[in-house]
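S.K.: this one's sequence-less:
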């Protein structure tokens, strides 16, 4: 069992490390660089080459049953769910076989809407304390479930 974090823009890296450490589970932070190394022996920092989707590709090639993946990237989430991993968004939302295709379709729709109207930017809500709390709870539950 491993926790993989798509770490470049992840707002819950510290929270993921805290929960993974409590469960004594390896945590792999995957990024294009620029992350401060952790002294925690359970944390591995993986720096992938610059380029679109390199971190996603690295995670998708390794994640599988028993693993937990933390990402806001819907194509990566879909690949990891298909491979049998549990997937959590940074706000604690679980992505499963039942909802990942819908989330991917919504992402594609929003991309198309933004492309059609260059003045339509943002619109997402800000990340707050309640999101962090939901993530901590969701990761705790995911790691307990993976142990069974």
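M.R.: Received it, and whenever you're ready, just let me know what you need. Quantities reported herein were computed from a predicted structural model and do not represent experimental measurements. Residues are numbered from 1 along each chain as shown.

S.K.: can you map out the strands along the chain?
M.R.: With DSSP state E as the criterion, the chain has strands at 3-6, 27-31, 43-47, 68-70, 86-88, 94-95.

S.K.: Starting from the first one, tell me which strands it pairs with and how they run.
M.R.: Each strand that strand 3-6 pairs with, and the sense of that pairing, follows from DSSP bridges: strand 27-31 (parallel), strand 68-70 (parallel).

S.K.: next one: the first one to chain centre, how far?
M.R.: Relative to its parent chain, strand 27-31 has a centroid offset of 10 Å by Cα atoms, centre = their mean, to the nearest Å.

S.K.: re the thing from before, could you look over the strands paired with strand 3-6 and pick the most buried one?
M.R.: Among these, strand 68-70 has the highest mean neighbour count (mean count of other Cβ atoms under 10 Å), at a mean of 28. Any C-beta I mention is one placed from the backbone N, CA and C, and that applies to glycine too.

S.K.: Pull the residues that contact it.
M.R.: Residues outside strand 68-70 that contact it (Cβ atoms under 8 Å, 6 or more residues apart in numbering) are 1-6, 10, 12, 16, 59, 63, 76-77, 80, 85-90, 139, 142-143, 146.
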